[in-house]
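Trainee: Could you look at this predicted model? Sequence included:
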Amino acid sequence: EAQVTQNPRYLITVTGKKLTVTCSQNMNHEYMSWYRQDPGLGLRQIYYSMNVEVTDKGDVPEGYKVSRKEKRNFPLILESPSPNQTSLYFCASSLSRQGDNTEAFFGQGTRLTVV
Amino acid sequence: GENVEQHPSTLSVQEGDSAVIKCTYSDSASNYFPWYKQELGKRPQLIIDIRSNVGEKKDQRIAVTLNKTAKHFSLHITETQPEDSAVYFCAATTFLGSNYQLIWGAGTKLIIKP
């Protein structure tokens, strides 16, 4: 089954304690991205990756890091989480070439609370 | 770069009535326009999409129209039902070289009143 898998689904952590949210897709997609979703603010892109070893900042990258060492995985790293990073996070993947089926597939979401 | 604006931010309609959500985009090179539905506590999922060589597409009670000249596209839901209550996002493609990415609208919360 084609899917994007995020872990964990829920996480409560303390300020300053490094954490990683994993994202994996099994569709051989080149394009992967991370979004955060806050009430009334829609989907805001944090980072995206066009392919292995290629990553770029989105609209709200401050306080986050990503890596793309393999095509299927795109972890989101918070080196020193702060309460303003409390949010619902989504990973998504899609093909990125023109003319292909360009549907974006989302992971189940990770609800992060930083206290 | 691409900018996508979506209106309204909240839409409340009586069950059985129609709902229309509108989006405008800025990049004339955009050629793919999907709509996603996000139910409460769930992930966004594609419900319908349209490419720039088509003016309208229908799938049962939902339809999307595209006006390339005016750079806007709309989602139409007819005979609304309680299960249509959700947040809807539009998106449009923007291109970086030969690769593309989606730029998202801010979302519309659709409330179906019984």
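Mentor: Received it, and whenever you're ready, just let me know what you need. Residues are numbered from 1 along each chain as shown, chains lettered A, B, ... in the order given.
Trainee: use CA for all of it now, contacts and neighbours both
Mentor: Fine.
Trainee: Show the contacting residues for the nearest residue to residue A:14 once chain neighbours are set aside.
Mentor: Distances taken as Cα to Cα, 6 or more residues apart in numbering or on different chains place residue A:115 nearest to residue A:14, at 4.9 Å, with adjacent residues excluded. For residue A:115, the contact set (Cα atoms under 8 Å, 6 or more residues apart in numbering or on different chains) comprises A:12-15, A:82-83.
Trainee: Helices along chain B, start to end?
Mentor: Here chain B has no helices by DSSP state H.
Trainee: Where does it get nearest to chain A, which residue?
Mentor: residue B:106 (4.6 Å; Cα to the nearest Cα).
Trainee: and the gap between that residue and residue B:68?
Mentor: 21 Å (Cα to Cα, to the nearest Å).
Trainee: So which of these two has more stuff around it?
Mentor: Between residue B:106 and residue B:68, residue B:106 has the larger neighbour count (other Cα atoms under 10 Å in any protein chain shown), namely 23 against 18.
Trainee: Do I have it right that that one meets residue A:38?
Mentor: No. In this structure residue B:106 lies outside contact range of residue A:38 using Cα atoms under 8 Å: 10.9 Å.
Trainee: list residues touching both of those two?
Mentor: Here residue B:106 and residue A:38 share no contacting residue, scored by Cα under 8 Å, 6+ apart.
Trainee: Thought residue B:39 was touching residue B:85, still the case?
Mentor: Yes. Counting by Cα under 8 Å, residue B:85 touches residue B:39, with 7.3 Å between them.
Trainee: So which of these two has more stuff around it?
Mentor: residue B:85 (20 against 16).
Trainee: That one and residue B:11, how far apart?
Mentor: Residue B:85 is 10 Å from residue B:11, by Cα to Cα.
Trainee: what does residue B:86 give?
Mentor: Applying Cα to Cα to residue B:86 and residue B:11 gives a distance of 10 Å.
Trainee: who has more neighbours, these two?
Mentor: Applying other Cα under 10 Å to residue B:86 and residue B:11 shows that residue B:86 carries more neighbours, namely 21 against 16.
Trainee: Give me the phi and psi for the residue nearest to that one when sequence neighbours are not counted.
Mentor: Nearest residue to residue B:86, sequence neighbours excluded (Cα to Cα, 6+ apart): residue B:39, at 4.7 Å. With angles defined as degrees, to the nearest 10, residue B:39 sits at phi -80, psi 160.
Trainee: got a list of contacts for stretch A:72-82?
Mentor: Contacts to stretch A:72-82, defined as Cα under 8 Å, 6+ apart, come from residues A:14-29, A:32-34, A:63-68, A:114-115.
Trainee: Only alpha carbons, please: show that stretch as PDB.
Mentor: Coordinates of each C-alpha in stretch A:72-82 appear next as PDB, following Å, rounded to 0.1, in the frame of the first residue of the first chain:
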ATOM      1  CA  ARG A  72      12.500   7.300   1.200                       C
ATOM      2  CA  ASN A  73      13.300   9.100   4.500                       C
ATOM      3  CA  PHE A  74      13.100  12.800   5.400                       C
ATOM      4  CA  PRO A  75      13.400  13.300   9.200                       C
ATOM      5  CA  LEU A  76      12.600  16.600  10.900                       C
ATOM      6  CA  ILE A  77      15.000  17.600  13.700                       C
ATOM      7  CA  LEU A  78      14.300  20.100  16.400                       C
ATOM      8  CA  GLU A  79      17.700  20.700  18.100                       C
ATOM      9  CA  SER A  80      16.400  22.800  20.900                       C
ATOM     10  CA  PRO A  81      12.600  22.800  20.900                       C
ATOM     11  CA  SER A  82      10.700  25.800  22.300                       C
END
